[in-house]
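Undergrad: Mind folding the following:
(chains A and B)
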There are 2 protein chains.
Amino acid sequence: MTRVGVIGVGTVGRAVVQILEENRSIITARSGDDIVVKSGVARNLAKAADLPITLSQNPYDIIDDPEIDIVVELMGGVELPLEVLKKALQNKKAVVTANKALLAYHRYELQEIAGDIPFEFEASVAGGIPIINALRDGLSANHILSIMGIMNGTCNFMLTKMMHEGAAFETVLAEAQALGYAEADPTFDIGGFDAAHKLLILASIAYGIDAKPEEILIEGIEGITQADIAFAKEFGYTIKLLGIAKRDGNEVELRVHAALVGEEAMIAKIDGVMNGISVVGDRVGETLYYGPGAGGNATASAVVANIIDIVRSGKRSPMLGFNHPLEEGLKLKPSDAIRSKYYLRLRVSDKPGILAKITQLFADHAISIEAVIQRPSETECAHLLFATHEATERSIRQMMLQLQDLDSVLETPFMIRIV
Amino acid sequence: MTRVGVIGVGTVGRAVVQILEENRSIITARSGDDIVVKSGVARNLAKAADLPITLSQNPYDIIDDPEIDIVVELMGGVELPLEVLKKALQNKKAVVTANKALLAYHRYELQEIAGDIPFEFEASVAGGIPIINALRDGLSANHILSIMGIMNGTCNFMLTKMMHEGAAFETVLAEAQALGYAEADPTFDIGGFDAAHKLLILASIAYGIDAKPEEILIEGIEGITQADIAFAKEFGYTIKLLGIAKRDGNEVELRVHAALVGEEAMIAKIDGVMNGISVVGDRVGETLYYGPGAGGNATASAVVANIIDIVRSGKRSPMLGFNHPLEEGLKLKPSDAIRSKYYLRLRVSDKPGILAKITQLFADHAISIEAVIQRPSETECAHLLFATHEATERSIRQMMLQLQDLDSVLETPFMIRIV
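TA: Next comes the predicted model:
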């Protein structure tokens, strides 16, 4: 059994405890071991009292507990977690953290201290998107030419609203604050600092480069007005806050700023609070990773993936992902029973009563019609195009066979599913 | 030193040899070991004669070579590679394969035989996109609710052409064949079988489910006409060939077919030969992975990533990706030297001669103007909006300071970079 201690039981910490509890069966099947959260540290003990773990307010209760194998750090801040995690590593405990500020300043120092002890941080960049996994392992054959990403959901939410709804900066900021996407003091997000911390972490993995936030170009999205939005639209651009790392000879550019991005670029299509990171490798070309960059569950998904990975340490991931079969024993659903919405195209002779005959067949099979279009095709022929509500493969196929038998249906009915 | 043997030195095999040779320094820094391709098996020896490896026509020259540590299988087919790889595993050689047909039929048998011997296959699904990595490791905390992907670039190329250019199926098929995207006999791609093989591999990792191609719903894109495209456009859909895996209670739906997809879905925005796979987890929500699904270099990128991963076996990935610093010692580019295109907004008093004065400043700093718009703002004021060609941060900032000093410039100039 592997025992975990969570320092910082807030939104993310609570989700970590819940995932390990509620998804226990699949996590055990994947990791090959039981993983339990033994204890947690919370500022407000009352708020975490419903969780089935021992609580305290002192990080050292976890760090110094000989039963704890993995320390999860979710406190935030820089100096205190640095001190705490150094001690954890000295005590030979594996570490998982989501703390991007800590890593933006102290990642190389922590790598040095960690040595062979696992130290993972997938959740520190782009929340639930496994971008560190992709960059460190999936693209390891490549020289990375560039990284260009939407790494801050607050800014992307605000810019998307400004682009699509014509709202003013102050209005969307107030809305983001009301929705909990932006803090009362929003500087860290809208000033580009949050994105910069993430960019520095990715730049280390891509380029092995140590740089601090103070050394790189960081600008935020304050000051963008509807005049800029109008210009962008007129010239086929959208506006995004981007973190960019780019290799140029033996130099690496690192910068965070708002940018006009051509509407056709994949990165331009990422809207709302979502994050997305484009990585260009010298061999693979462009790959892009999209998903939720924040939120308790999405961030905890990355934290727990790191825990599973550490539990597997020394062993490899099982070839097909499972160390033993799932208890619930999933089985293949028969194709006939699959449900979908359908689009149907019929070529019919253009005679009275034909639509009535055909729609009666829909009714006979209890398939309800969402839309229908009749278009003349050639002389005395018409195309009938239907969109249906949900039905089973069995019923749609049976109906299509009967449709085909009608004299007025001139060729085999053609069907595309709607998803 | 790790020695690799490549069975099947065609387009992908050649790229594997070249990447390991040309990216040696970064691959050694990441893997912590020298990796060399010792030998290869090719049908046509003359075609591979320029590569710095020993060649033969007999797979067993590699399988039975005691010096070989990792066997890369790129032969294609099912029965012969199955026989060859079984023997390789018996000889305790790690295996990397890109062979999706082999895995669609024999993945559980191979997992059984492999046991603790590494057997990797990232390149078998979606070429250069590290989707197996993401699904098996990055999302391991989640119950996977659904996988929905564009897994065949040939079909996506054809459907994109049909949607955007109004071309007929036969025309775009001929074009795909001329460009080398489709085989002379295109059935395997356009019939949905290639996508089905990939879907079955992903379904195993997501659900632990063993199913064969014959057991699942597979339809292709033959039969789609401009009548269908017109209907799709009218109702806000695009048409894609999708591989879908979806959990429904204790059953799993597996299906490959063309589908009408709402234009706003991320998956609908993936055009041309590119692949993209959306994965919804119960905790993380939707994540999406985009990139090139085929091509020698992109596929080889995934093969080499697997090789690096196997070389690291037992050890973990270094925390920040590098076992030792890069020889070439990348350094941070000074922010002043970064080059970009710029958008500039100025509020100016609406008087004669002002545009001349301002554009003279652009000329003085050798910043050339790509577009300019003048718009009235309030009374006697105007907005001047510029887009520039590339310039350095230094020159744009110096010019902005001088612009600000002009009497007729009424507020601090505002700038957004164009990427």
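Undergrad: which regions of the stretch 151-300 of chain A lie under the pLDDT threshold?
TA: When residues are selected by pLDDT under 70, none of them lie in the stretch 151-300 of chain A.
Undergrad: ok, which stretches of it are strands?
TA: A:217-218, A:237-248, A:251-262, A:274-281, A:285-292 (DSSP state E, counting those that start in this stretch).
Undergrad: need those in CSV with mean neighbour count and distance to residue B:312, can you?
TA: For glycine as for every other residue, the C-beta is placed from the backbone atoms N, C-alpha and C. Output for the strands of the stretch 151-300 of chain A, formatted as CSV (neighbours: other C-beta atoms under 10 Å in any protein chain shown; distance: least, C-beta to C-beta, whole Å):
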stretch, mean neighbour count, distance to residue B:312
strand A:217-218, 20, 34
strand A:237-248, 24, 24
strand A:251-262, 22, 24
strand A:274-281, 25, 19
strand A:285-292, 25, 21
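Undergrad: so can I have JSON lines of these showing distance to chain B?
TA: Compiled in JSON lines, the strands of the stretch 151-300 of chain A are given as follows (distance: least, C-beta to the nearest C-beta, whole Å):
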{"stretch": "strand A:217-218", "distance to chain B": "4"}
{"stretch": "strand A:237-248", "distance to chain B": "6"}
{"stretch": "strand A:251-262", "distance to chain B": "4"}
{"stretch": "strand A:274-281", "distance to chain B": "6"}
{"stretch": "strand A:285-292", "distance to chain B": "3"}
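Undergrad: looking at the ones you listed, which is closest to residue B:330?
TA: Comparing the strands of the stretch 151-300 of chain A against residue B:330 with C-beta to C-beta, the closest turns out to be strand A:251-262 (5.2 Å).
Undergrad: Only C-alpha atoms, please: export that closest one in CSV.
TA: Only the C-alpha atoms of strand A:251-262 are listed here, as CSV (Å, rounded to 0.1, in the frame of the first residue of the first chain):
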residue,chain,number,x,y,z
GLU,A,251,19.4,31.4,-28.1
VAL,A,252,15.9,30.9,-26.7
GLU,A,253,13.3,33.6,-26.8
LEU,A,254,10.9,33.5,-23.9
ARG,A,255,8.0,35.9,-23.8
VAL,A,256,4.4,36.4,-22.5
HIS,A,257,2.2,39.0,-24.2
ALA,A,258,-1.1,39.5,-26.0
ALA,A,259,-0.8,38.7,-29.6
LEU,A,260,-2.8,39.0,-32.8
VAL,A,261,-3.1,35.4,-34.1
GLY,A,262,-4.3,34.5,-37.6
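Undergrad: how far does it sit from the chain's center?
TA: Distance of strand A:251-262 from its chain centroid, counting by C-alpha atoms, centre = their mean, to the nearest Å, is 22 Å.
Undergrad: And that strand, what does it pack against?
TA: helix A:193-207, strand A:217-218, strand A:237-248, strand B:331-332, strand B:414-418 (3 or more C-beta pairs under 8 Å, 6 or more residues apart in numbering or on different chains; DSSP states H and E).
Undergrad: quick one: that strand to strand A:237-248, angle?
TA: 160 degrees (axes from the mean of the first three to the mean of the last three C-alpha atoms, to 10 degrees).
Undergrad: For residue A:377, which non-adjacent residue is spatially closest?
TA: residue A:383 (5.0 Å; C-beta to C-beta, 6 or more residues apart in numbering or on different chains).
Undergrad: Also residue A:285?
TA: Residue nearest to residue A:285 in three dimensions, not counting chain neighbours: residue B:292, with 5.0 Å by C-beta to C-beta, 6+ apart.
Undergrad: Show me the beta-bridge partners of the one you found.
TA: With beta bridges defined as DSSP bridges, residue B:292 has these partners: residue B:274.
Undergrad: could you list every residue that touches it?
TA: Listed by C-beta atoms under 8 Å, 6 or more residues apart in numbering or on different chains, the contact set of residue B:292 reads A:284-287, B:127-129, B:153, B:273-275, B:298.
Undergrad: and of the residues you listed, the nearest to residue A:411?
TA: The closest of those, once distances to residue A:411 are taken by C-beta to C-beta, is residue B:153, at 30.2 Å.
Undergrad: Now do the closest residue to that closest one other than its chain neighbours against residue B:237, distance only.
TA: Distances taken as C-beta to C-beta, 6+ apart place residue B:273 nearest to residue B:153, at 3.8 Å, with adjacent residues excluded. For residue B:273, the distance to residue B:237 equals 21 Å [C-beta to C-beta, to the nearest Å].
Undergrad: So chain A: which segments form each domain?
TA: A:2-124, A:131-292, A:335-418 (automatic domain parsing).
Undergrad: ok, residue A:384 - contacts?
TA: Residue A:384 is in contact with A:344-348, A:355, A:358, A:372-374, counting by C-beta under 8 Å, 6+ apart.
Undergrad: Run through the helices of chain A in chain order.
TA: Listed in chain order, the helices found in chain A under DSSP state H are A:11-22, A:24-31, A:60-63, A:79-90, A:100-114, A:131-133, A:153-165, A:169-178, A:187-190, A:193-207, A:226-234, A:296-311, A:354-364, A:393-405.
Undergrad: tilt between the second one and helix B:193-207?
TA: When you say that, I think you mean helix A:24-31. Using the same axes, to 10 degrees: helix A:24-31 against helix B:193-207 is 110 degrees.
Undergrad: and helix A:24-31 with chain B, contact?
TA: Yes. Using C-beta under 8 Å from any C-beta of the partner chain, helix A:24-31 reaches chain B at A:26-27, A:29-31.
Undergrad: Can you convert the residues you listed into a markdown table and add a column each for neighbour count and pLDDT?
TA: Shown next, in a markdown table, are those (neighbours: other C-beta atoms under 10 Å in any protein chain shown; pLDDT from 0 to 100):
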| residue | neighbour count | pLDDT |
| --- | --- | --- |
| A:26 | 22 | 94 |
| A:27 | 24 | 96 |
| A:29 | 19 | 94 |
| A:30 | 27 | 94 |
| A:31 | 24 | 93 |
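Undergrad: just these now: which is nearest residue B:59?
TA: Once C-beta to C-beta is applied, the member of the residues of helix A:24-31 next to chain B that ends up nearest residue B:59 is residue A:30, at 33.3 Å.
Undergrad: Share the number of residues neighbouring the residue nearest to residue A:377, please.
TA: 19 (other C-beta atoms under 10 Å in any protein chain shown).
Undergrad: any idea how far residue B:283 is from the residue nearest the centre of chain A?
TA: Per C-alpha atoms, centre = their mean, the C-alpha nearest to the average position across chain A is that of residue A:291, at 2.3 Å. Using C-beta to C-beta, residue A:291 is found at 12 Å from residue B:283.
Undergrad: okay, and the common contacts of those two?
TA: With C-beta under 8 Å, 6+ apart, residue A:291 and residue B:283 have common neighbours A:128, A:298.
Undergrad: list the contacts for the residue lying closest to residue A:319 once chain neighbours are set aside?
TA: If you skip the residues right next to it in sequence, residue A:319 has residue B:111 as its closest partner in space, 4.5 Å away by C-beta to C-beta, 6+ apart. Contact partners of residue B:111, counting by C-beta under 8 Å, 6+ apart, are A:318-320, B:119.
Undergrad: Wait, residue A:17 touches residue A:54, no?
TA: No. With contact defined as C-beta atoms under 8 Å, residue A:17 does not reach residue A:54; the gap is 11.6 Å.
Undergrad: Neighbour count: those two, which is higher?
TA: Taking neighbours as other C-beta under 10 Å, residue A:17 and residue A:54 compare with residue A:17 leading, 22 against 14.
Undergrad: quick one, what contacts the more buried one?
TA: Residue A:17 makes contacts with A:6, A:9, A:37, A:40, A:51-53, as judged by C-beta under 8 Å, 6+ apart.
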